[in-house]
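In: One predicted model, sequence on top.
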Amino acid sequence: MSRIGKLPVVLPAGVKAELLDGNIVKVKGPKGEMCQKVDSDITVTIEGNEIKFTRPSDGPRFRSMHGLYRALVHNMVVGVSEGFEIRQEFVGVGYRVAAEGQLIKMSLGYSHEIQMLLPDEVKAETPQVRKGENPLLVLRSADKQLVGQIAAKIRSFRRPEPYKGKGIKFVGEQLRRKAGKTAAAK
């Protein structure tokens, strides 16, 4: 039995779930509403405030889908009740970021400014930081997959480099640093 798949998804207060035709799980909460289609081989049951997933046999295909769909529905429940947040730090001289509604403007050391339009489900803000600290970008959404994909796209504009650590990194991320060249003694 899948250790993840056999755990029920507990619905917190204020979150409602329903099973639609076609094995679609719909979750509604204070932060929004999300749907996930579950494979027809996985049986979904909603009992009280718990969602349970069962598989027909122990075949490799069913074992892999069992935990997957339970995790996807659990992320939906957490997303509509609490939401997800990703914080990114812009490390480098002159690196700046500004969020104006759904538009993000970034100065990353290129000859031009990079602009990115966010989907409506993702909200961005740039909190005020003290002098000497690196600019921050905070992304919030109920959809864990979407906010992670947007954060990865933003990071791809200027990945952290291993020598000085300049670039866009996640807050709390440990970078592998390399030793630079040393001057040879004469």
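Out: Alright, I've got the coordinates. Only a predicted model underlies this, so the values are computations on that prediction, with no experimental measurement involved.

In: from here on, contacts and neighbour counts on C-alpha atoms
Out: Will do.

In: Name the spans of the chain whose pLDDT lies under the cut-off.
Out: Within the chain, the segments meeting pLDDT under 70 span 1-2, 184-186.

In: which SSE is the spatially closest residue to residue 126 that is not a sequence neighbour in?
Out: Nearest non-adjacent residue to residue 126, counting by CA to CA, 6 or more residues apart in numbering: residue 137, 4.8 Å away. Assigning secondary structure by DSSP states H and E places residue 137 in strand 136-141.

In: helices or strands up against that strand?
Out: Packing contacts for strand 136-141, counted by 3 or more CA pairs under 8 Å, 6 or more residues apart in numbering; DSSP states H and E, involve strand 84-91, strand 123-125, helix 144-156.

In: Out of the ones you listed, flag the one nearest residue 75.
Out: Using CA to CA as the measure, helix 144-156 is the one of those that comes nearest residue 75, at 6.8 Å.

In: For the most centrally placed residue in the chain, give me its contacts.
Out: The centre of the chain sits closest to residue 148, judged by CA atoms, centre = their mean, with a distance of 3.0 Å. Taking CA atoms under 8 Å, 6 or more residues apart in numbering, we find residue 148 in contact with residue 86.

In: Next, work out how far apart it and residue 139 are.
Out: Residue 148 sits at a distance of 9 Å from residue 139 (criterion: CA to CA, to the nearest Å).
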